[in-house]
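Engineer: predicted model follows, preceded by the sequence.
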Amino acid sequence: MRYGDTVAVDGLSLEVARGSVTAVLGPNGAGKTTTLETCEGYRRPQRGTVRVLGLDPTAQRRDLLPRIGVMLQDGGAWSGVRAVEMLEHVASLHAHPLPVPLLVERLGLGSCGRTPYRRLSGGQQQRLGLAMAVVGRPELVFVDEPTAGMDPQARRDTWDLLEEMRADGVTIVLTTHYMDEAERLADTVHVIDHGRLIATGSPFELTRGTGHSTIRLVVTEPFPPDAPASLQLALGVDTVVRAINAHSLLISGPADASTLATVSAWCEQHGVLPESLALGQRTLEDVFLQITGRELAT
């Protein structure tokens, strides 16, 4: 998929297993939205083929739409409609919808059910958007940033609902900027950047499959500009050093006593005063930063 001279999706090839939760992650501008909109039938690929539940999402759109649910990151409801009225309307479009009161209770919409959509908070709009996406009992649901703006309890309720749907055989494709969300929910993670697939695996495979750990080095004063390359040279080729920000470095690789001693010696040699030195297993965020070189900013 191209937009003028910009290649948004560049020979991307991936699969989503039925009955699984698959997270599609990538920095802003990586091609996630274009990819999912193509799968949802909103865009026709300029090259290549797409099949969703065995159907062409554009040529066979009428057959596909009753079988999928789509949760948009923004919008999807009329400005002045009340929350429960909107959900009831969407439910009426389906042959066998879920009970609206059940979704209202599960997603905490009771307190804002009579509030116009435009007056809902961001988290309330997200909860309504999720309810609208699943009320038709879809076989496959696309959820875009499902917990953006939600409080911690609402996030957990949403996670529980998505996990119950997976247990019932529903396939879920998830995009999120919350790495803990992807790590908890996803069976498979696809990381894309510049329109290409750059990593695939389960959260366990991506974070612990290599046996490597991480060290987060935080300092009181900003690092010198050449700090990542200098520390990388000191540690050797089995270790990767990346700057998280001006005061933090992420060191990925064999994290043993020798590595810690080298880091400490490097700090002393370069007059760097550590504020903290944290050792632990790699998280999905660590992996994402390592393979893309960028943070997953919201």
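Structural biologist: Yes, it's here.

Engineer: can you show me the strands along this structure?
Structural biologist: 2-3, 6-7, 21-25, 68-71, 140-144, 171-175, 188-193, 196-201, 213-219, 240-245, 248-253, 274-281 (DSSP state E).

Engineer: okay, the ones you listed in TSV with distance to residue 181 and mean neighbour count next?
Structural biologist: Any C-beta I mention is one placed from the backbone N, CA and C, and that applies to glycine too. As requested, these are arranged in TSV below (distance: least, CB to CB, whole Å; neighbours: other CB atoms under 10 Å):
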stretch	distance to residue 181	mean neighbour count
strand 2-3	29	10
strand 6-7	29	12
strand 21-25	8	24
strand 68-71	14	22
strand 140-144	10	23
strand 171-175	8	23
strand 188-193	11	22
strand 196-201	17	16
strand 213-219	20	19
strand 240-245	20	16
strand 248-253	20	20
strand 274-281	18	12
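
Engineer: quick check: which of these is nearest to residue 96?
Structural biologist: With CB to CB as the criterion, residue 96 lies closest to strand 68-71 of the strands of the chain, at 13.3 Å.

Engineer: parallel or antiparallel, list what pairs with that closest one.
Structural biologist: Sheet pairing of strand 68-71 (DSSP bridges) gives strand 140-144 (parallel).

Engineer: pLDDT on the partner strand, on average?
Structural biologist: Strand 140-144 shows a mean pLDDT of 95 in the predicted model.

Engineer: pull the CA atoms of it into CSV?
Structural biologist: This file holds the C-alpha atoms of strand 140-144, laid out as CSV (Å, rounded to 0.1, in the frame of the first residue of the first chain):
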residue,chain,number,x,y,z
LEU,A,140,-13.3,-12.2,14.7
VAL,A,141,-13.0,-8.8,16.4
PHE,A,142,-10.5,-6.1,15.6
VAL,A,143,-9.8,-3.9,18.7
ASP,A,144,-7.7,-0.7,18.3
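
Engineer: what ranges in this structure fall below the confidence cut-off?
Structural biologist: The chain contains residues with pLDDT under 70 at 209-212, 281, 294-298.

Engineer: can you map out the helices along it?
Structural biologist: For the chain, the helices defined by DSSP state H occupy 32-39, 61-64, 83-92, 100-106, 122-134, 152-167, 179-185, 203-208, 227-235, 257-269, 284-292.

Engineer: determine which stretch of those helices is the most buried.
Structural biologist: Highest mean neighbour count among the helices of the chain (mean count of other CB atoms under 10 Å): helix 122-134, with a mean of 23.

Engineer: how much does that one deviate in direction from strand 140-144?
Structural biologist: 160 degrees (axes from the mean of the first three to the mean of the last three CA atoms, to 10 degrees).

Engineer: so which residues make contact with helix 122-134?
Structural biologist: Residues outside helix 122-134 that contact it (CB atoms under 8 Å, 6 or more residues apart in numbering): 69-72, 74, 76-77, 83, 86-87, 90, 98, 103-104, 107-109, 112, 115, 117, 120, 141-143, 145-151, 154, 158, 161, 165, 170.

Engineer: make a markdown table from the helices of the chain and add distance to residue 4 to it.
Structural biologist: Listed next are the helices of the chain as a markdown table, based on distance: least, CB to CB, whole Å:
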| stretch | distance to residue 4 |
| --- | --- |
| helix 32-39 | 13 |
| helix 61-64 | 26 |
| helix 83-92 | 35 |
| helix 100-106 | 41 |
| helix 122-134 | 31 |
| helix 152-167 | 36 |
| helix 179-185 | 31 |
| helix 203-208 | 33 |
| helix 227-235 | 34 |
| helix 257-269 | 46 |
| helix 284-292 | 24 |
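
Engineer: those: which one's closest to residue 7?
Structural biologist: Using CB to CB, those put helix 32-39 closest to residue 7, at 10.2 Å.

Engineer: any idea how far that closest one is from the chain center?
Structural biologist: The chain centre lies 14 Å from the centre of helix 32-39; the measure is CA atoms, centre = their mean, to the nearest Å.

Engineer: just checking, what packs against it?
Structural biologist: Counting by 3 or more CB pairs under 8 Å, 6 or more residues apart in numbering; DSSP states H and E, the packing neighbours recorded for helix 32-39 are strand 21-25, strand 140-144, strand 171-175.

Engineer: can you add distance to residue 190 and give these back as JSON lines?
Structural biologist: Formatted as JSON lines, those follow (distance: least, CB to CB, whole Å):
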{"stretch": "strand 21-25", "distance to residue 190": "5"}
{"stretch": "strand 140-144", "distance to residue 190": "14"}
{"stretch": "strand 171-175", "distance to residue 190": "9"}
